[in-house]
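>>> pasted the sequence and its predicted model underneath.
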Amino acid sequence: MQLQLFLQAENLKNKAGLFKGISDPYAVVYKAGSGHAKIEQGRTEVVKNNLSPEWSRSILIDNYDPNSFDWFIVQIYDEVRKSEDILMDETYFQINDQLIFDGHGNGNYLVNLIDDKDKKSKLKVYAEVKPTWTDQPKVTFQFRALQVKNVDNNIFNKYDKSDPYLVIKRRQFNPDTGSIHWQIIHRTEHIENHVNPVWQSFQVSWKNLFPCQCRHCIRNPNSRIQDWDALDPSNVELKFEIWDHQYLKKNRIIGTCQKNLKEVIDSKTTSGNADKSKAFTFVEDSENPHNVKTVGLLVVLCAKIIV
């Protein structure tokens, strides 16, 4: 059995320096060994211009034993192009039941970061237990957006447009607590100055699409569905968020849409990458359900299960 860890930081201190924008953080996870030894388990991707990053690249812990109570160390760095990366903060946590259930119904483990005296900076660890599938399939995706709202209205440069990127999250329901969490599973590259971007294709493993973090599955791994082909794509709820990349300030969300995996697969375009007939609609986040504004379309260029 494997334990899959997803990390999310909040309110990190900016280490980019004066007039250098916002830090580009990534996290490295180590398992504590004997003495002061530490064994690297994996590292996340770099998230640009973000002091509250939610990383999509998970950390997989092989041969997980729920009775082992291992300690792990997380160090968060700011990526620096022309010199050594800067340590932003660090913390540690123990793998146990409290990692899966924090007692507040959130299905995560929340720890303070060590260097933060005000205790405003925090690290969330979301944990899921997974069967060790050796022959699991992957889903190949490719998306295009059309007519994306331009949020870069620069009065000094009328040709400046949004630099959109796509974030894909899947709905995660914890039956033990009744809580819902949207876990990021992929973030595309950003496309500069384009309101009709085509993003590169990418793959997501079947394991990343089907979550489980309930106490019954943690303690009774053999009760999990062991065959991947027994899982139903219509049960995988996905959220698509389109964002505008910024260079010296916070990235801005443009709009969102929600569909299940089966709907995505069935909505693959058959009439070219500008076909709107099966496109999904992005809408602005709004507290008023009667004032929903369309901010773009999402075209599915590819959604194919690869066995």
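Received, thanks. Residues are numbered from 1 along each chain as shown.
>>> work out the gap between stretch 36-46 and the centre of the chain.
18 Å (C-alpha atoms, centre = their mean, to the nearest Å).
>>> how about that stretch: buried residues?
By neighbour count on 16 or more other C-beta atoms under 10 Å, the buried set for stretch 36-46 is Lys38, Gln41, Arg43, Thr44, Val46. In this view, the C-beta of every residue, glycine as well, is placed from N, C-alpha and C.
>>> which one of the residues you listed is nearest Lys13?
Nearest to Lys13 among the buried residues of stretch 36-46: Val46, at 17.0 Å, using C-beta to C-beta.
>>> parallel or antiparallel, which strands does the helix or strand harbouring Phe93 pair with?
Assigned by DSSP states H and E, Phe93 falls within strand 86-94. Using DSSP bridges, the strands paired with strand 86-94 are strand 71-78 (antiparallel).
>>> for Ile184, see how far away His245 is.
To Ile184, His245 is 16 Å away according to C-beta to C-beta, to the nearest Å.
>>> give me the distance between the two termini of stretch 149-162.
8 Å (C-alpha to C-alpha, to the nearest Å).
>>> cool, stretch 60-80 as well?
End-to-end distance (C-alpha to C-alpha), stretch 60-80: 26 Å.
>>> which of the residues in that stretch are buried?
Ile61, Tyr64, Pro66, Asp70, Phe72, Ile73, Val74, Gln75, Ile76, Tyr77, Asp78.
>>> now these in TSV, with pLDDT and distance to Ser201?
TSV is the format used below for these (pLDDT from 0 to 100; distance: C-beta to C-beta, whole Å):
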residue	pLDDT	distance to Ser201
Ile61	85	29
Tyr64	76	31
Pro66	69	37
Asp70	80	36
Phe72	88	33
Ile73	91	35
Val74	93	31
Gln75	94	32
Ile76	95	30
Tyr77	96	29
Asp78	96	30
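>>> which members of those are the farthest-apart pair?
Maximum distance among the buried residues of stretch 60-80 (C-beta to C-beta): 34.2 Å, for Pro66 and Asp78.
>>> ok, residues contacting stretch 30-39?
Contacting residues not belonging to stretch 30-39 are listed as Glu40, Gln41, Ile61, Asp70, Trp71, Phe72, Ile73, Val74, Gln75, Tyr92 [C-beta atoms under 8 Å, 6 or more residues apart in numbering].
>>> if we use 6 Å, what do you get?
Defining contact as C-beta atoms under 6 Å, 6 or more residues apart in numbering, one finds that stretch 30-39 is touched by Glu40, Gln41, Trp71, Phe72, Ile73.
>>> put the alpha carbons of that stretch into CSV.
C-alpha atoms of stretch 30-39 as CSV (Å, rounded to 0.1, in the frame of the first residue of the first chain):
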residue,chain,number,x,y,z
TYR,A,30,12.3,13.9,3.9
LYS,A,31,11.8,10.8,6.1
ALA,A,32,13.7,11.1,9.4
GLY,A,33,16.3,8.4,9.8
SER,A,34,18.5,7.3,12.7
GLY,A,35,20.4,10.1,14.4
HIS,A,36,20.1,13.3,12.4
ALA,A,37,19.9,11.5,9.0
LYS,A,38,17.1,12.3,6.6
ILE,A,39,16.0,10.5,3.5
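>>> going along the chain, name the strands of the stretch 1-150 of the chain.
Remark: strands assigned in the stretch 1-150 of the chain by DSSP state E, counting those that start in this stretch are 2-10, 25-32, 38-43, 59-61, 71-78, 86-94, 109-112, 122-130, 138-146.
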